[in-house]
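J.: Below is the sequence, then the predicted model.
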Amino acid sequence: MERLDDKTRGLADEATGADVEALADSAAEVAVSPELAAGSLRDYLHVWLARLRAGESGALPVVIGMVVIAVIFQSLNSKFLTAGNIVNLLVQGAVFMMLALAEVFALLLGEIDLSAGFVAGVSGVVTAELLTTAHGSWPWWAAISAALLMCAAIGLLHGTLITRLGLPSFVVTLGGLLGWQGVMLAILGNGGTLPIQDKVVNDIANANLTPAASWIVTLVLVAAYALTTWRRAARRRARGLVAPPVGFTIIKIAGVAVAGVVLVLICNANRGVLVPIRGMPWVLLVVLAVATAWSILLGRTRFGRHVYAIGGNAEAARRSGIRLARVRTLCFVLASFTAGMAGIIYASRLRSVSTNIDGGTLVLYAVAAAVIGGTSLFGGRGKAIHAVLGGIVIAAIDNGMGLQGFSAASRNIVTAIVLIAAVTVDALARRNATTTR
């Protein structure tokens, strides 16, 4: 993000109150979605290759990683790429994806949230407790809302301590990791397990759409993506702004359509043993909805532009008039809120909550997934949707090694190697960007 630093710094040196949005727009243009100035698809490809050599790899490393992982595990076990295992992998990885989405908000600022795993645990516990008869058997929507509001309040507390008192996010959220684990244990009791009887909550991670509904939903989503992408590129061209070539826009839409069709074909294949099981899991739609919402928030709003500006150069953002404390606090609120959704998915998949939730491991997987997905540990670079891809990589490693019967120790070692490789790519990308300025 050195280019972002230079550009925002230059703007900040001459900033007035009216320049705030110019700085934010400039930061977003460079950090969030830098369009390439190319008149044709061939020119676009040449410019993209130049950016790749300069270290701006985007989601390419994680896509290559997913292909390599699939080839390796499929060669070791022919069951890895079966429909049943792929769907199972995606459902298991939904928690990693959601936690990675939570972690993105902190990492974009150059901060970190180590409490996300146990914040998720608290969310699951609160939801399960409110659904019990001892607390009046709350409606499922009220129990989930209360749990998510509590998680948002936790994020507000963390953000306030970090931004108003100037405490390091590492220390505050490490304290949160310990403290919220204690809260979870206090609610459940040592060694306690609380089953969830509510069908709607359990269906979040365990129920599927019908095959016909899977096709309808996918076609609607692909059509919405195609319309939005096409209209956005057309508007930019009409306003004289830089936009990708028409051919590239068509390729993007076609790629999403093919991916959607493949996913539906996999999900609609019978993956049952004793009874037929077909259809797309509901939890995939939940993750997609959250990833889409956060992508729009970060990539298309003033708040998102401010987040990238602060992550790229906090001092320049401050001098331009961006309210750092407010934006950073809201990021931690959103991080904990999203972690709360991950906790509900976790509880739904197990149909219960217990003191066995390993929040420490979950948060490490979340950071790993976000970084593998291309979110920089140094702040200012990354996309929400790429964190979902990173979550799939983490889930694939865990699932593939499980099929091979590897121990938990082996899985942790391999995940650590992948994480270090991702951080190395990030560091080299920054170095290349510096040398090519």
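T.: Noted; the coordinates are in hand. Residues are numbered from 1 along each chain as shown.

J.: Quick one: the strands in this protein, in order.
T.: Assigned by DSSP state E, the chain shows strands spanning 193-195, 352-354.

J.: got the contact list for the first one?
T.: Just to be clear, that refers to strand 193-195. With contacts defined as CB atoms under 8 Å, 6 or more residues apart in numbering, strand 193-195 is touched by 125, 128-129, 132, 188, 351-355. No exception for glycine: its C-beta is placed from N, CA and C like everyone else's.

J.: quick revisit: kindly compare burial across the strands of the chain and name the winner.
T.: strand 352-354 (a mean of 21; mean count of other CB atoms under 10 Å).

J.: Could you give the average pLDDT over it?
T.: Strand 352-354 comes out with an average pLDDT of 90.

J.: Run the chain-centre distance for it.
T.: 24 Å (CA atoms, centre = their mean, to the nearest Å).

J.: just to revisit the earlier point, Serialize the contacts of strand 193-195 to TSV and add fields for distance to P276.
T.: As requested, these are exported to TSV (distance: CB to CB, whole Å):
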residue	distance to P276
V125	34
A128	30
E129	35
T132	33
L188	37
R351	21
S352	26
V353	30
S354	31
T355	36
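
J.: now those: which count as buried?
T.: Among these, those scoring as buried are 125, 128-129, 132, 188, 353-355 (criterion: 16 or more other CB atoms under 10 Å).

J.: Dump those residues into CSV; add distance to G240 as well.
T.: Shown next, in CSV, are the buried ones among the contacts of strand 193-195 (distance: CB to CB, whole Å):
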residue, distance to G240
V125, 54
A128, 55
E129, 57
T132, 60
L188, 60
V353, 55
S354, 59
T355, 60
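
J.: Closest one of the contacts of strand 193-195 to T173?
T.: If you rank these by distance to T173 using CB to CB, V125 comes first, at 18.9 Å.

J.: picking up where we left off before, of the buried ones among the contacts of strand 193-195, which pair is most distant in space?
T.: T132 and T355 (16.4 Å).

J.: that older thread, among the buried ones among the contacts of strand 193-195, which are located in helices?
T.: Judged by DSSP state H, the buried ones among the contacts of strand 193-195 include 125, 128-129, 188 as members of helices.

J.: Let me know the closest of the residues you listed to F378.
T.: Nearest member of these to F378, counting by CB to CB, is V125, at 34.4 Å.

J.: Could I get the full set of helices for the stretch 1-150 of the chain?
T.: Secondary structure of the stretch 1-150 of the chain (DSSP state H, counting those that start in this stretch): helices at 2-13, 20-31, 41-53, 60-76, 83-107, 116-131, 140-164.

J.: Report the angle between the third one and helix 60-76.
T.: Interaxial angle, helix 41-53 versus helix 60-76 (axes from the mean of the first three to the mean of the last three CA atoms, to 10 degrees): 80 degrees.

J.: looking only at pLDDT, what's the mean for helix 41-53?
T.: 71.

J.: so T329 makes contact with L165?
T.: No. Using CB atoms under 8 Å, T329 makes no contact with L165, being 11.6 Å away.

J.: re the thing from before, and of the ones in helices among the buried ones among the contacts of strand 193-195, the nearest to A153?
T.: Of these, the one sitting nearest to A153 (CB to CB) turns out to be V125, at 15.1 Å.

J.: Which per-residue confidence value corresponds to the closest one?
T.: Taking V125 on its own, its pLDDT is 94.

J.: got a list of what it touches?
T.: V125 neighbours (CB under 8 Å, 6+ apart): 184, 187-188, 194, 343, 347, 353.

J.: Make a markdown table from these and add distance to T361 to it.
T.: What follows is those, written out as a markdown table (distance: CB to CB, whole Å):
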| residue | distance to T361 |
| --- | --- |
| M184 | 15 |
| I187 | 20 |
| L188 | 18 |
| L194 | 21 |
| G343 | 14 |
| A347 | 17 |
| V353 | 16 |
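
J.: Closest to I86 out of the residues you listed?
T.: Using CB to CB, the contacts of V125 come closest to I86 at A347, 23.5 Å.

J.: The nearest residue to the closest one once chain neighbours are set aside: what's it in contact with?
T.: Nearest residue to A347, sequence neighbours excluded (CB to CB, 6 or more residues apart in numbering): G124, at 3.5 Å. Going by CB under 8 Å, 6+ apart, G124 touches 147, 343-344, 346-347, 353, 357.

J.: What are the contacting residues of stretch 339-348?
T.: 94-95, 98-99, 102, 113, 115-117, 119-125, 127-128, 144, 147-148, 150-152, 196, 201-206, 283, 286, 290, 353, 357, 362.

J.: Just the buried residues out of the residues you listed, in ChimeraX syntax.
T.: Restricted to buried positions by 16+ other CB under 10 Å, the ChimeraX selection for the contacts of stretch 339-348 reads:
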select :94,95,98,99,102,113,115,116,117,119,120,121,122,123,124,125,127,128,144,147,148,150,151,152,196,201,202,204,205,206,283,286,290,353,357,362
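
J.: Break the protein down into its structural domains.
T.: As recorded under automatic domain parsing, the domains making up the chain are 2-54+67-207+281-435, 208-280.

J.: Give me the distance between the two termini of the last one.
T.: Between the opening and closing residues of domain 208-280 there is a gap of 5 Å (CA to CA, to the nearest Å).

J.: for stretch 229-248, same thing?
T.: Start-to-end, stretch 229-248 (CA to CA) is 11 Å.

J.: which parts of that stretch are buried?
T.: Buried, per 16+ other CB under 10 Å, within stretch 229-248: 229, 233, 243-245, 248.
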